[in-house]
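# With the sequence up front, the predicted model follows.
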Amino acid sequence: MMIEDGDDEIVVNALPTRRVPISATSGSKRWSAAATIVCATGVSIGVAGCGMSLPSMSSIGGSVLGTSSTGKTDVQKVNQDQLLTAAKTGDGSAPPTIAAEAGGCPRFVVGQRDSTLTIYEQGRVGDGLAIIHRGEITKTARECQMEGGRVTIKYGFAGRVLLGPKGKPASLLLPVNVAVVDAKREKVASDAVKVQVDVALEKPIGYFSTVRTVTFTLPEGSRPGEFEIQIGFDRNVPGAG
């Protein structure tokens, strides 16, 4: 699928989606979403569509919405609505790394473990039947502009939240940490984001997207491509597993 944005083209590469049937009742919808979560965590519970253990969704491979350029850019290309649409129409896989361009823009990295956040009932971390909800970052985008020795990165990410067997209707705030690191993996800039997602029994999958900017000074003799933007869920929350 290709999304056109003026003279620029944003490409979304998607893999086939493995779907879990959803019946007409709200309870069945909830358990269908729960089965998706349990399958994603590699736990077999014998429900419809989940008869065997599967790898976590972050290890399946991925799809990505990516834009970038060198020098001054039109920073309107990273678009929150486009990211949200890509998250809703994608396969839910974790996004791969967006590589750096020569001299142009830092790499965008989402670690496999950092792309998901599963919240369990207290004292039951790791139990697939005790999952409250699971957050997944599935789409990323970034672009840069450099002026006066400073690099400004406009970055965006999107994903979804799945309600688990122990989940309840809620307006959730999921914490995400963002860091820009140099070639020695030393932090040169950071950002903390909280994304809001609404979930309900009749709507067990909620989607989110956000676009922000982070700026850092480029040391003399270095190139933007030597740096990385790293994002991931903050696991320092109760029940995280």
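Received, thanks.
# What segments of the chain are strands?
Using DSSP state E, the strands found in the chain span residues 2-5, 8-11, 107-110, 116-120, 131-147, 150-163, 170-181, 187-199, 205-217, 228-233.
# Please produce JSON lines containing these, extended by mean pLDDT.
JSON lines is the format used below for the strands of the chain (pLDDT from 0 to 100):
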{"stretch": "strand 2-5", "mean pLDDT": "34"}
{"stretch": "strand 8-11", "mean pLDDT": "33"}
{"stretch": "strand 107-110", "mean pLDDT": "92"}
{"stretch": "strand 116-120", "mean pLDDT": "96"}
{"stretch": "strand 131-147", "mean pLDDT": "94"}
{"stretch": "strand 150-163", "mean pLDDT": "95"}
{"stretch": "strand 170-181", "mean pLDDT": "95"}
{"stretch": "strand 187-199", "mean pLDDT": "94"}
{"stretch": "strand 205-217", "mean pLDDT": "95"}
{"stretch": "strand 228-233", "mean pLDDT": "95"}
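# how about TSV for those, with distance to residue 95 and mean neighbour count added?
Bear in mind the C-beta positions are built from the backbone N, C-alpha and C, glycine included. TSV is the format used below for these (distance: least, CB to CB, whole Å; neighbours: other CB atoms under 10 Å):
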stretch	distance to residue 95	mean neighbour count
strand 2-5	15	11
strand 8-11	13	14
strand 107-110	6	22
strand 116-120	12	24
strand 131-147	5	24
strand 150-163	8	24
strand 170-181	13	17
strand 187-199	15	15
strand 205-217	13	17
strand 228-233	10	21
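# Figure out which of those is closest to residue 85.
Judged by CB to CB, the one of the strands of the chain that comes nearest to residue 85 is strand 2-5, at 7.8 Å.
# Contacts only, for the spatially closest residue to residue 139 that is not a sequence neighbour.
Leaving aside its chain neighbours, residue 139 sits nearest to residue 158 (4.3 Å; criterion: CB to CB, 6 or more residues apart in numbering). Residues counted as contacts of residue 158 (CB atoms under 8 Å, 6 or more residues apart in numbering) are 65, 83-84, 86-87, 137-140, 207-210.
# related to what we said a few turns ago, just send the strands of the chain back as JSON lines, with distance to residue 98 too.
As requested, the strands of the chain are exported to JSON lines (distance: least, CB to CB, whole Å):
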{"stretch": "strand 2-5", "distance to residue 98": "16"}
{"stretch": "strand 8-11", "distance to residue 98": "12"}
{"stretch": "strand 107-110", "distance to residue 98": "4"}
{"stretch": "strand 116-120", "distance to residue 98": "19"}
{"stretch": "strand 131-147", "distance to residue 98": "6"}
{"stretch": "strand 150-163", "distance to residue 98": "10"}
{"stretch": "strand 170-181", "distance to residue 98": "14"}
{"stretch": "strand 187-199", "distance to residue 98": "17"}
{"stretch": "strand 205-217", "distance to residue 98": "15"}
{"stretch": "strand 228-233", "distance to residue 98": "9"}
